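Trainee: Sequence and predicted model, in that order:
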Amino acid sequence: MNNLGLATTEVEVAKRVLGLTLIWLVTLIPSTLGAQVNTLFVKQGTTLDRKLGSHFQIPAASLGGFVTLSLLLSIPIYDQYFVPFMRKKTGNPRGITILQRLGIGFLIQIVAIAVASAVEVKRMHVIKEFHITNPKQVVPMSIFWLLPQYCLLGIGGVFDAIGLLEFFYDQSPEEMQSLGTTFFTSGIGLGNFLNSFLMTMIDKITSKGGGKSWIGDNLNDSRLDYYYGFLMVISIVNMGLFLWAASKYIYKSDETKEFNGGCVQMEVKSLDTSPLTI
């Protein structure tokens, strides 16, 4: 019976890790979207008017601080208002399931990229209006046009970034708790790598045969709005895959083993097995 119990435990652990891996795979694209904060968003900002007053110029990368600021402001609102409100509606102690939390975060990310694409369309319109071609020429458009996309990613982080850490830690097998941290950090790292890979490949493909690169060295003569549109499309496809994976996922159960006369009695209390619905 001991051998049978051990084999059963190993099978359950393997199934648990497989389920976590499936969810991990569909979080890589959202991690790629988050990587835009330190790459293309900054590149966008360097082309815009960054003056604040007559003598000070805002560093383009400093707008990344608004992601952190909006995240910090949103956390108390989430905990104090959103969770209690949803708890009354759903009866779930968390307000919503962890996967529902992730899904909302991923949806906000898609909206953020859509906003970034719209701002880029506006920037291209200003470039055409003022006949700007020099890569060092400043586009007469305030850098604060980029604030909505930064703030949306910060708000989304309350759902997806924090939710991801909570999910992987909470759902990892009891004897493999460090696995949760590994899934979380590796997803962020691979998301950044995937971002660099996509940018390199899109640049090569779109500039092939003398075409205009979507992400060229001269951003004033590129089509960054097309690239954001591309990210939006693959994010929507990935959202569909996430919804499918979430509907198949079974949450970890509390298992209490009691040994009585050499027999194993197992009491299973389901934490939450409801599929993701948004």
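Mentor: Perfect, thanks for sending it.
Trainee: Alpha carbons of stretch 79-89, as CSV, please.
Mentor: The C-alpha trace of stretch 79-89 is given here as CSV (Å, rounded to 0.1, in the frame of the first residue of the first chain):
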residue,chain,number,x,y,z
ASP,A,79,-7.7,44.7,-2.3
GLN,A,80,-10.1,47.1,-0.5
TYR,A,81,-12.8,47.5,-3.1
PHE,A,82,-12.6,45.0,-6.0
VAL,A,83,-12.1,41.8,-4.0
PRO,A,84,-14.9,42.5,-1.4
PHE,A,85,-17.3,43.5,-4.2
MET,A,86,-16.5,40.3,-6.3
ARG,A,87,-16.5,38.2,-3.1
LYS,A,88,-20.2,39.1,-2.6
LYS,A,89,-21.0,38.3,-6.2
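Trainee: what pLDDT, on average, does that stretch get?
Mentor: Average pLDDT, stretch 79-89: 94.
Trainee: Which parts of that stretch count as buried, going by neighbours?
Mentor: Residues of stretch 79-89 classed as buried: Phe82, Val83, Met86 (neighbour count, 16 or more other CB atoms under 10 Å). Just so you know, the C-beta spots here come from the backbone N, C-alpha and C atoms, and that holds for glycine as well.
Trainee: Just send the residues you listed back as a markdown table, with secondary structure too.
Mentor: Shown next, in a markdown table, are the buried residues of stretch 79-89 (DSSP: H, G, I helix; E, B strand; the rest coil):
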| residue | secondary structure |
| --- | --- |
| Phe82 | helix |
| Val83 | helix |
| Met86 | helix |
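Trainee: does Ser54 sit in a helix, a strand or a coil?
Mentor: From three-state DSSP, the assignment for Ser54 is coil.
Trainee: quick one, what contacts the residue nearest the centre of the chain?
Mentor: The structure's the chain has its C-alpha centroid closest to Pro30; by CA atoms, centre = their mean the separation is 3.4 Å. With contact taken as CB atoms under 8 Å, 6 or more residues apart in numbering, Pro30 is in contact with Gly105, Phe106, Gln109, Asp160, Gly191, Ser235, Asn238.
Trainee: Tell me which of these fall in strands.
Mentor: Counting by DSSP state E, the contacts of Pro30 place none of their members in strands.
Trainee: So which of the residues you listed wins on neighbours?
Mentor: Gln109 (28 neighbours; other CB atoms under 10 Å).
Trainee: Quick check: nearest residue in space to Val126, chain neighbours excluded?
Mentor: For Val126, ignoring the flanking residues on the chain, the nearest one in space by CB to CB, 6 or more residues apart in numbering is Met141 at 4.9 Å.
Trainee: count of residues packed around the one you found?
Mentor: The tally of other residues near Met141 (other CB under 10 Å) stands at 18.
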